[in-house]
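**Q** Sequence and predicted structure below; questions after.
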Amino acid sequence: NYHRRQLGTRVIGITGTNGKTTTKELISSVLCQAHNVLYTLGNLNNHIGVPTTLLRLKPEHDLAVIEMGANHQGEIKFLCEIAEPDYGIITNVGKAHLEGFGSFEGVIKTKGELYDFLRKKGNSTIFIHHDNPYLMNIAKGLNLISYGSGEDLYVNGCITGNSPYLALEWKAEKNGEIHRIRTQLIGEYNFPNALAAITIGRFFGVEDRKIDEALAGYTPQNNRSQLKETADNTLIIDAYNANPTSMAAALQNFRNMTVSHKMLILGDMRELGTESLNEHQKIVDYIKESDFEKVWLVGEQFASVCHSFKTYANVQEVIKELETNKPKGYTILIKGSNYLEALSSAEYVVFDKTGTLTQGVFEVVGIHHAAMEERKLLEYAALAESASSHPISKSLQKAYGKELDRSRVTEVQEISGHGVLAKVDGISVAAGNDKLMARLGIAAVPCHQVGTVIHLAVDGAYAGHILIADVVKPTAKAAMEALRGAGVEKTV
């Protein structure tokens, strides 16, 4: 809090039941087009993550986007007192963590603590989804910058496509120019999240064209609304978390999609307290009214309500079923609390020390250099990526083979979903994918391979790229089999 006050950076606080991490990522991607932005990494949104994020603030940051989460009343109030936001956005309110909040009304009250803080601060501005009556009812006494379907709103728009990616139109107020965006997001429920990013981008002076480019270029990560093609099926992965509101939205979106052979793999919704069985029954009743070809339900809560669908006690049972009865030719929605993450990966999964789920172990397998010596190229890439929590940074350091002097790295800026900008020994370095290079106006060498490609630009010129394979070693396979046989659910 002291550090935040000393720097005086403008802070946007964000909370909500569903979509706050995705919305934070979209907002940050848009704002980075015109500002030096600090934003919460991943979902570090609690009493440890918020101050940790604020301590990363530097004088060169002119905006900060701080995500705040809660599962008990009073927690958003506490986090607001640490972050002291100047602006606020609540994505939505829904039935989640009812065990901690006590009721849906408790959810509304807790999320509304962000509005309460800003109202007490005086003359404060919030960005609000005008179509959400729960939010509008608690927003009295604040300056509202509204987005939604109404033509007279600051930003308004509509959904134009959803098979499988969200496409939308938007314009500013009543007579603004119509913009059309095809995103890489799955789900109609991401539409208000995209409108929120557009609204905040325009409010802080980002050009409309750059807003469109940022949203079209954003790629979701960490099992949040991702599409994955396998050899046998198409997976829609929304396995990070689940509650009645997000589950219903995902099912409605999946039902509306124009794809054939739909299948569900759904996991229990957690922390619902005394409402748990009732909420699981509502989900099952909705499924009964739909036309999904196959339904697999995982967990004791789904097994305890009334239905005739196939049920599994845990993820291990599902994995065993897949070994002998693997579906083929289906579009499969995987939705559940984060213990279902394993089902969205390949044959074997590994959690690395940062908590990131990967399909295996990242290894550098090739270096292609242009105007720079190979060893130097790897050194710059390893140093630039060293500030990142992604396991790829570890693979670069391992390939470099020497201790990195991180004091050589300054002005680090992570570009959400694309890479890192930094200065190494005072020289500008960009390390990331081809979209990052395109954003910087640098022509990257086209590269196609299974795995990851890190392109590198040094001092504004393309330097080369590094190929990183995503593999699982035989020893890891043996370890995973032994652990699964012992009934271990999560493996680190």
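**A** Arrived safely, thanks for sending.

**Q** Quick check: which ranges of the stretch 251-400 of the chain have low pLDDT?
**A** 337-371, 387-392 (pLDDT under 70).

**Q** now the strands for the stretch 151-300 of the chain?
**A** For the stretch 151-300 of the chain, the strands defined by DSSP state E, counting those that start in this stretch occupy 155-162, 165-172, 179-186, 226-229, 234-238, 262-267, 294-298.

**Q** rank the ones you listed by mean pLDDT and give me the bottom one.
**A** Note on the strands of the stretch 151-300 of the chain: strand 226-229 shows the lowest mean pLDDT, a mean of 81.

**Q** What are the buried residues along that strand?
**A** Neighbour counts over strand 226-229 (16 or more other Cβ atoms under 10 Å) mark residue 226 as buried. The C-beta positions use only the backbone N, C-alpha and C, and glycine is treated the same way.

**Q** What strands flank it, and is each parallel or antiparallel?
**A** Pairing partners of strand 226-229, with direction, according to DSSP bridges: strand 234-238 (antiparallel).

**Q** Dump the strands of the stretch 151-300 of the chain to JSON lines, plus distance to residue 98.
**A** Putting the strands of the stretch 151-300 of the chain into JSON lines (distance: least, Cβ to Cβ, whole Å) gives the following:
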{"stretch": "strand 155-162", "distance to residue 98": "29"}
{"stretch": "strand 165-172", "distance to residue 98": "28"}
{"stretch": "strand 179-186", "distance to residue 98": "26"}
{"stretch": "strand 226-229", "distance to residue 98": "27"}
{"stretch": "strand 234-238", "distance to residue 98": "20"}
{"stretch": "strand 262-267", "distance to residue 98": "17"}
{"stretch": "strand 294-298", "distance to residue 98": "20"}
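
**Q** so which of those gets nearest residue 435?
**A** Evaluated with Cβ to Cβ, the strands of the stretch 151-300 of the chain place strand 179-186 nearest to residue 435, the distance being 10.5 Å.

**Q** phi, psi of residue 440?
**A** Residue 440 adopts backbone torsions of phi -90, psi 0, taken as degrees, to the nearest 10.

**Q** So which of the strands of the stretch 151-300 of the chain is nearest residue 330?
**A** Taking Cβ to Cβ, strand 262-267 is the member of the strands of the stretch 151-300 of the chain nearest to residue 330, at 4.3 Å.

**Q** Determine the set of other helices and strands touching the closest one.
**A** helix 244-256, strand 294-298, strand 331-335 (3 or more Cβ pairs under 8 Å, 6 or more residues apart in numbering; DSSP states H and E).

**Q** Single out the most deeply packed of the ones you listed.
**A** Greatest average neighbour count among those goes to strand 331-335 (a mean of 23), per mean count of other Cβ atoms under 10 Å.

**Q** Tell me, how many residues neighbour residue 60?
**A** Using other Cβ atoms under 10 Å, residue 60 is surrounded by 12 other residues.

**Q** so what's it closest to, chain neighbours aside?
**A** residue 36 (5.3 Å; Cβ to Cβ, 6 or more residues apart in numbering).

**Q** quick one: residue 292 and residue 262 touch, right?
**A** Yes. Using Cβ atoms under 8 Å, residue 292 is in contact with residue 262, at 4.8 Å.

**Q** got any residues that touch both of those two?
**A** Overlap of the contact sets of residue 292 and residue 262 (by Cβ atoms under 8 Å, 6 or more residues apart in numbering) consists of 254-255.

**Q** Show the low-confidence segments of the stretch 101-250 of the chain, by residue range.
**A** If you take pLDDT under 70 as the line, the stretch 101-250 of the chain has these spans: 221-225, 239-240.
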